[in-house]
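Peer 1: Need the 3D shape of this:
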Amino acid sequence: MKSVVLLISFLLAFWCSCTSATTTPNPVLQVVRDINGDILTPDSRYFVVSAITGAGGGGVFRGIGAGHDANFVCPFQVVQSGRDLYRGMPVIFKPKAGKQVEITESSDVNIEFYIDNPSGICNNTVWQVEGFPGHDIPMYLTTFGEAGNVKNVAAWFQIKKSESFWYKLMFCPFGEPICTDIGIDYTAGRRLAIRTDNTFKLVFIKDTNIGIKSIL
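Peer 2: Got it, this is the predicted structure:
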């Protein structure tokens, strides 16, 4: 009887040790940092700038890209500047998880251009993949999104590490692993798009200017 009890105890101990060794804990999401090493937060503004200095171009801004005439109204395109020293327009990252106080890799965020003093008839600022779902190659990013709308999968993006100190933006409409890199279409005025042949490698620079929105 004792030998049976000892055998059962041994088997239970063996099973527990195997389970402990093979169980993978939930991965800890890595925080996203700017060029100074500070963690990105939802209450700050950042310039999204090319990580490649020299011939890599500058920051991202709200523009019309190529192929639009003087009668253009809305929405704007998300465009990268060809000027290395131009940081572009600052953006705000708004996590899908409302209580999230730090921006982490692989978490869903809306990306919204910051406009200090909105005026005119076209104040769209939230990024989205225009025409999604669709089959166009490439599919461009516009500012026709809606912040906080969880049903609009075309307006949610993720940030992931690209190199040691570089990042990339990804479009994951239905969650991982169905993701695609955000790239640049150089033939269309440097518009940001999915389904391109390149990946936009970037860094984040905190906007330290005090704007009207920051005071109100």
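
Peer 1: any weak-confidence spans in this structure?
Peer 2: Applying pLDDT under 70 to the chain picks out residues 1-27, 65-73, 119-121, 211-216.

Peer 1: ranges for the strands of it?
Peer 2: 46-50, 60-63, 77-80, 91-95, 109-113, 128-129, 139-142, 158-161, 167-171, 180-181, 183-185, 191-194, 202-206 (DSSP state E).

Peer 1: Can you lay out those as JSON lines showing distance to residue 33?
Peer 2: For every residue, glycine as well, the C-beta is placed using N, CA and C. Output for those, formatted as JSON lines (distance: least, CB to CB, whole Å):
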{"stretch": "strand 46-50", "distance to residue 33": "11"}
{"stretch": "strand 60-63", "distance to residue 33": "18"}
{"stretch": "strand 77-80", "distance to residue 33": "21"}
{"stretch": "strand 91-95", "distance to residue 33": "13"}
{"stretch": "strand 109-113", "distance to residue 33": "15"}
{"stretch": "strand 128-129", "distance to residue 33": "26"}
{"stretch": "strand 139-142", "distance to residue 33": "23"}
{"stretch": "strand 158-161", "distance to residue 33": "10"}
{"stretch": "strand 167-171", "distance to residue 33": "9"}
{"stretch": "strand 180-181", "distance to residue 33": "20"}
{"stretch": "strand 183-185", "distance to residue 33": "23"}
{"stretch": "strand 191-194", "distance to residue 33": "22"}
{"stretch": "strand 202-206", "distance to residue 33": "8"}
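
Peer 1: I'd like these laid out as JSON lines, including mean neighbour count and distance to residue 39.
Peer 2: Listed next are the strands of the chain as JSON lines, based on neighbours: other CB atoms under 10 Å; distance: least, CB to CB, whole Å:
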{"stretch": "strand 46-50", "mean neighbour count": "24", "distance to residue 39": "11"}
{"stretch": "strand 60-63", "mean neighbour count": "22", "distance to residue 39": "21"}
{"stretch": "strand 77-80", "mean neighbour count": "26", "distance to residue 39": "24"}
{"stretch": "strand 91-95", "mean neighbour count": "21", "distance to residue 39": "11"}
{"stretch": "strand 109-113", "mean neighbour count": "23", "distance to residue 39": "14"}
{"stretch": "strand 128-129", "mean neighbour count": "28", "distance to residue 39": "26"}
{"stretch": "strand 139-142", "mean neighbour count": "24", "distance to residue 39": "25"}
{"stretch": "strand 158-161", "mean neighbour count": "18", "distance to residue 39": "12"}
{"stretch": "strand 167-171", "mean neighbour count": "22", "distance to residue 39": "13"}
{"stretch": "strand 180-181", "mean neighbour count": "16", "distance to residue 39": "23"}
{"stretch": "strand 183-185", "mean neighbour count": "21", "distance to residue 39": "26"}
{"stretch": "strand 191-194", "mean neighbour count": "24", "distance to residue 39": "24"}
{"stretch": "strand 202-206", "mean neighbour count": "20", "distance to residue 39": "10"}
